[in-house]
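Visitor: structure, please.
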Amino acid sequence: MDTTREANDPLVPSLREHVLEPLSTAERAVEEERTEVNAEQKAYTEFKQRVAGIETVTMPADGPGPAARTPVVETRSRQDERLRNAFRQTVMSVDHYEAVYGEPLEEHAARELSAEVAAPLRQDTTTRFTELYKTALTSAVEDAVSDREAFCDRLDDELASLVSARESLADRIDSIDGTSVFAHDRPELSAELDAVAQARQETIQGRNHSPRADGHDLCHYLYRDYSWTYPVLTAVTRFRNATV
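Guide: Numbering: from 1, shown residues only. Predicted coordinates for the structure are as follows:
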């Protein structure tokens, strides 16, 4: 015979926590990631502003004469150091840099901006800070900012999807008495759980591919430290196993 659990059954208050835990955890992970990405976006924007203030080197078409070489070298060295300092004080100064990246300036700049664009950031560089190079560097930095803006939008969409699923499941948990469901109510509950899972799958599959990730790659990236990859489906499965 189907029965419901008494209100003082210790399993009753734990059902909500058991079912919703993956969603609450996922929301915190997304919020933390968004905070970090937003900080990087601001850092690259500031770096771009610092780059704009560095004067370029103008070289004669046939190269500098002997008397001009020393001043040119000194100017280039001074500009290169300003560039490195700007990168350290902006991009590498975000709070999570060491924990997430923890790599030397030259390596990080090459990975984020390309090895060619990052060449003047190397201590042994021979690349001159010309107007042409400055334009290329600015363009690469703008791409870094745009990528992070787009990624923040994807994180916002992910968070909205998680919140929607959590609210739907929480409302359904609150509507039942205990952790068992009468037989005649099970088809309706099962259909509601299917709808939550289907809505989530449509969200994941409907995401456009990006340089960072598609819908599934995003889940693998964000939830790589947990025992589950799909928090909504995990929550739905827990709810179904506990009640249906």
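
Visitor: show me the shaky parts of the chain.
Guide: 1-13, 59-76, 177-184, 209-214, 244 (pLDDT under 70).

Visitor: break down the protein into its helices, ranges please.
Guide: With helices called from DSSP state H, the chain shows them at 11-52, 66-89, 97-100, 105-113, 131-175, 186-205, 215-222, 231-243.

Visitor: can you point out the buried residues in the third one?
Guide: Same thing as helix 97-100. Buried positions in helix 97-100, judged by neighbour count with 16 or more other CB atoms under 10 Å: residue 97. From N, CA and C alone the C-beta is placed, and that goes for glycine too.

Visitor: now that helix: how far from the chain's centre is it?
Guide: How far helix 97-100 lies from its chain's middle: 14 Å, per CA atoms, centre = their mean, to the nearest Å.

Visitor: residues touching that helix, excluding its own?
Guide: 36, 91 (CB atoms under 8 Å, 6 or more residues apart in numbering).

Visitor: wait, what's in contact with residue 101?
Guide: residue 108.

Visitor: and it, how far is that from residue 77?
Guide: Using CB to CB, to the nearest Å, residue 101 is found at 27 Å from residue 77.

Visitor: of all the helices of the chain, which lies closest to residue 120?
Guide: helix 66-89 (5.6 Å; CB to CB).

Visitor: quick one, what contacts the residue positioned nearest the centre of the chain?
Guide: Nearest to the mean C-alpha position of the chain, by CA atoms, centre = their mean, lies residue 33 at 4.7 Å. With contact taken as CB under 8 Å, 6+ apart, residue 33 is in contact with 155, 222.

Visitor: ok, now residue 58?
Guide: By CB under 8 Å, 6+ apart, the neighbours of residue 58 are 130, 131.

Visitor: what's the burial count for residue 14?
Guide: 12 (other CB atoms under 10 Å).

Visitor: for residue 134, that is, sorry about that
Guide: Residues lying near residue 134 (other CB under 10 Å) number 19.

Visitor: and stretch 36-45, what's buried?
Guide: 36, 37, 38, 39, 40, 41, 43, 44, 45.

Visitor: try stretch 106-113
Guide: Quick answer for stretch 106-113 (16+ other CB under 10 Å): 106, 108, 109, 110, 112, 113.

Visitor: gap between the closest residue to residue 168 other than its chain neighbours and residue 222?
Guide: Counting by CB to CB, 6 or more residues apart in numbering, the nearest residue to residue 168 once its immediate chain neighbours are dropped is residue 196, at 5.3 Å. When distance is defined by CB to CB, residue 196 is 19 Å away from residue 222.
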